[in-house]
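model the following, please.
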Amino acid sequence: MVVCWLVGLVAWFVCNTAGAGVILRAAPAEQLSSFDGVVLWYGSSGFVCALVAAALAALVHRGPHRDRGVRDAAASLGAPVAALLVDSALVASRPSPDWDLFLAPASLSLAGAVAGWLLGRALRP
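So this is what the prediction gives:
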């Protein structure tokens, strides 16, 4: 299970780094100053990154434990959920956290993680 988490974390980190680069270069400043623009750019990036991380972790999960739903979910969803918890702690540590601006992309990230887990399960031999 630890290998799944490490694969998921590396995939999440690489994907988020690439996604941040795309957002910085491609997103117009006026879109990033609106709620809809933040959800569009950061939400779609979070969705894709969580999907990739969970799918790769699900594909790496081997052995007799992958047929157990709860254990497979923990192995596949561990990295995206841990990243979301760290992001939540960072937002909460701000003097005046903007939870509305955080929760919309975060919910898309969770949806991407679940979709990635299901995709990884579907792609298994």
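
for this structure, what spans make up the helices?
All helices of the chain, identified by DSSP state H, fall at 2-26, 29-32, 35-38, 44-60, 69-92, 99-123.

count the residues that sit near Ala106.
Using other C-beta atoms under 10 Å as the criterion, Ala106 is surrounded by 19 other residues. Yep, even glycine has a C-beta here, placed from its N, CA and C like the rest.

so what's it up against?
With contact taken as C-beta atoms under 8 Å, 6 or more residues apart in numbering, Ala106 is in contact with Gly46, Leu84, Asp87, Ser88.

quick revisit: hey, which of the helices of the chain is tucked in deepest?
Comparing the helices of the chain by mean neighbour count (mean count of other C-beta atoms under 10 Å), helix 44-60 comes out on top with a mean of 24.

give the rounded mean pLDDT of that one.
The pLDDT scores in helix 44-60 average 95.

check stretch 86-105 too.
90.

distance check, the residue minimising distance to the centre of the chain against Glu30.
Using C-alpha atoms, centre = their mean, the residue of the chain that lies closest to the mean C-alpha position is Ala50, 2.5 Å off. Counting by C-beta to C-beta, to the nearest Å, the gap between Ala50 and Glu30 amounts to 27 Å.

got it, and Pro95?
Using C-beta to C-beta, one obtains 26 Å as the distance from Pro95 to Glu30.

what of Val7?
Summarising the geometry, the distance separating Val7 from Glu30, computed by C-beta to C-beta, is 38 Å.

just Val10 next, same as before
Here the distance between Val10 and Glu30 works out to 34 Å (C-beta to C-beta).

and Leu84, by the same measure?
Look at Leu84 and Glu30: by C-beta to C-beta, they are 28 Å apart.

my guess is Ala53 contacts Ala115. True?
No - with contacts defined as C-beta atoms under 8 Å, Ala53 does not count as touching Ala115, sitting 11.4 Å away.

quick one, phi psi at Pro28?
In terms of degrees, to the nearest 10, the main-chain angles of Pro28 are phi -70, psi 140.

give me the neighbour count for it.
Residue crowding around Pro28 was assessed by other C-beta under 10 Å; the count is 9.
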